[in-house]
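Engineer: Quick one: sequence and predicted model below, then my questions.
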Amino acid sequence: MRAFASFKWFPYISKVTLLTLLYYLSGEISFSISSENSIVTIVIFASEGFALASVLLFGKRMWLGIFIGQLLLTYGSMPFLAGVTIAIINSLEAILAVMLFDYFKLNRNLSTTRDVFGLIYLIVLVLQPLSALLGNAVLMAFSMMDLSDFGESFFSWWFGNMMGQVLLVPTLLLLYEHRKKVKIVELIFIALFFTLVSYLFQIVIPIHNVSLLLSVTLPLIIYLSSRKGIEYATFSIVVITTVTLYLTHLNMGIFTTENKIGNIINLNFYFLSQVLLLLIIGTLFEEKKRREVTLKKLVDIEVKKNQDHTLMMLQQSRLAQMGQVLNMIAHQWRQPLNHLLITNDILVYKYERGKMTIQEMEKFEEETTSIIKQMSRTIDDFRDFFKPKKQKERFLFNDVIERLLLITKPIFRASEISISFNEEERELYSDGYPNELAQAILNILYNAKDALSEKSIDEKSISIHLKSREGKNILEISDNAGGIPEDVLENIFELYFSTKEKDNGTGLGLYMSKLIVEKHKGGELFASNNDKGATFTLILAKSE
């Protein structure tokens, strides 16, 4: 009986032992390449990544491996009691992480952008600020650090631990969750390929600009995510990180200038940009794949009900709109990404001149957190705006158009097309499906955009006019693209009819718009020509 009980404990003991070794060895490696000291490091502290991933995957009981690993790591470099206290802090941090992860109902497979941002917020805003505060308090309590060094030490602790977790935790979670389909041979090939890429562009043909280097590696990583899965892509970033850190440690590569702190910040910015963008874009790709699977199943079911034709069109239309949404997100993110780059450059500048204060570091954290939250809100806005609703509701017509223009104007601005919106009345209500109506209007706007892009016009414009007549809400969308040929004007709403080149038009957009509008009681959609171009008129019954 005792032998059986011991056997039951064997898996747990094995996991704790493995975690202890990983924590200790990865910590020793991190400190060995640090330019700071053997207690606090601003470089990627990999131990924290293994610690957080282990408790999220195998539960709170893994704290014992964290405790022993941290104790071994500090043995001989500080008083024993101080080492024990820091080991307790790191163990409690891991337990707190599991509690918050479960409280907010985050999925360990990181299948949605909510899971991704939840994990990042947890690391950046809760776990590491708390760990850095308590850990540095211990160092001060044992006279191992002066109060004047608290700000820099706090930032180094927070930044190094945060980078270790942001880099490793998603990779380990994803590889474990997808372990049944991950192939070792493919991982080896990916490791060799990205090792070669890193060596090529950092040693053989060195690219000294961080943004330019990102423009080389990031597309490869995102392509890998779209083709093989986000778990392979996160693994490739770990490979790039490992190779880059090793080259830098050997005083080779592009991150080897005289300013060591500046190098480390640039290194971490290079890694952090890749991880954040991959997690966000990769998760969108995964959501897109799941939607494709869901839509395919839906089509298969509806085929049995003799509705396959309509649902196939709906699938193609939604997939096309997904591409439009991704394009709009890219435009919305361009400015915050540039802001992140500028903030990083300012931080390096402050370090180089010894002007970094705790107030500056707090400002840096506040700004970067604000930017990340802004990018998160952008994702939420798009998800909420294009989420289909099953039940009709009373909605404000004006609001639908204003929200749509808010998220689409960057696309039209990039094509040098001006959009104006004129409303005769401020509150015009209708009954129906506001998100589907927005998609119908979006199809019409994109149709006008394509028509304008094909013409050489000095001032390309689209005007939107909303008015109310005889119990009807009337929306007119006009452009100055020259109009629709009279011989095809009556056919533009027909299925698969398109005036564009064969490879550029599907003939679905306007057809789906007409179907959507006609789902609304009394809804009508038709087209006509004006003296400068085409006008699409959308009519809905007015809700009082």
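Structural biologist: Yep, that arrived.
Engineer: From now on I want contacts and neighbour counts done on CA atoms only, so please keep to that.
Structural biologist: Noted.
Engineer: same for the lengthiest strand in the chain, what does it pack against?
Structural biologist: Criterion DSSP state E: the longest strand present in the chain is strand 460-469. Applying 3 or more Cα pairs under 8 Å, 6 or more residues apart in numbering; DSSP states H and E, we find strand 460-469 packed against strand 417-423, strand 472-479.
Engineer: what does the average pLDDT come to for the first one?
Structural biologist: pLDDT averaged over strand 417-423 equals 90, rounded to a whole number.
Engineer: ok, Glu366 to Ala527 distance?
Structural biologist: 50 Å (Cα to Cα, to the nearest Å).
Engineer: Please identify which of those two sits among more neighbours.
Structural biologist: Comparing Glu366 with Ala527 by other Cα atoms under 10 Å, the one with more neighbours is Ala527, at 19 against 11.
Engineer: per-domain residue ranges of the chain.
Structural biologist: 11-177, 204-387, 393-541 (automatic domain parsing).
Engineer: Deepest in the core, which of the ones you listed is it.
Structural biologist: Mean neighbours per residue, mean count of other Cα atoms under 10 Å, is largest over the domains of the chain for domain 11-177, with a mean of 20.
Engineer: Give me the distance between the two termini of that one.
Structural biologist: Terminal-residue distance, domain 11-177 (Cα to Cα): 19 Å.
Engineer: for it, the distance to its chain's centre please.
Structural biologist: How far domain 11-177 lies from its chain's middle: 23 Å, per Cα atoms, centre = their mean, to the nearest Å.
Engineer: Show me where the stretch 301-450 of the chain has its helices.
Structural biologist: Residue ranges of the helices in the stretch 301-450 of the chain, as given by DSSP state H, counting those that start in this stretch, are 308-352, 358-386, 397-414, 434-453.
Engineer: Could you list the low-pLDDT ranges of the stretch 251-400 of the chain?
Structural biologist: 258-262, 264, 299, 301-336, 338-339, 370-371, 374-390 (pLDDT under 70).
Engineer: Could you rerun that using 50?
Structural biologist: Low-confidence segments of the stretch 251-400 of the chain, defined by pLDDT under 50: 306-307.
Engineer: returning to what we had before: so can I have JSON lines of the domains of the chain showing distance to Ser198?
Structural biologist: Putting the domains of the chain into JSON lines (distance: least, Cα to Cα, whole Å) gives the following:
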{"stretch": "domain 11-177", "distance to Ser198": "17"}
{"stretch": "domain 204-387", "distance to Ser198": "6"}
{"stretch": "domain 393-541", "distance to Ser198": "33"}
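Engineer: What residues does Pro108 make contact with?
Structural biologist: Pro isn't right for residue 108; it's Arg. 56-57, 115, 173-174, 177 (Cα atoms under 8 Å, 6 or more residues apart in numbering).
Engineer: would it count as being in a helix?
Structural biologist: No - applying DSSP: H, G, I helix; E, B strand; the rest coil, one finds Arg108 to be coil, outside a helix.
Engineer: Give me the phi and psi for it.
Structural biologist: Main-chain dihedrals, Arg108, degrees, to the nearest 10: phi -70, psi -20.
Engineer: where's it relative to Val55, distance?
Structural biologist: 11 Å.
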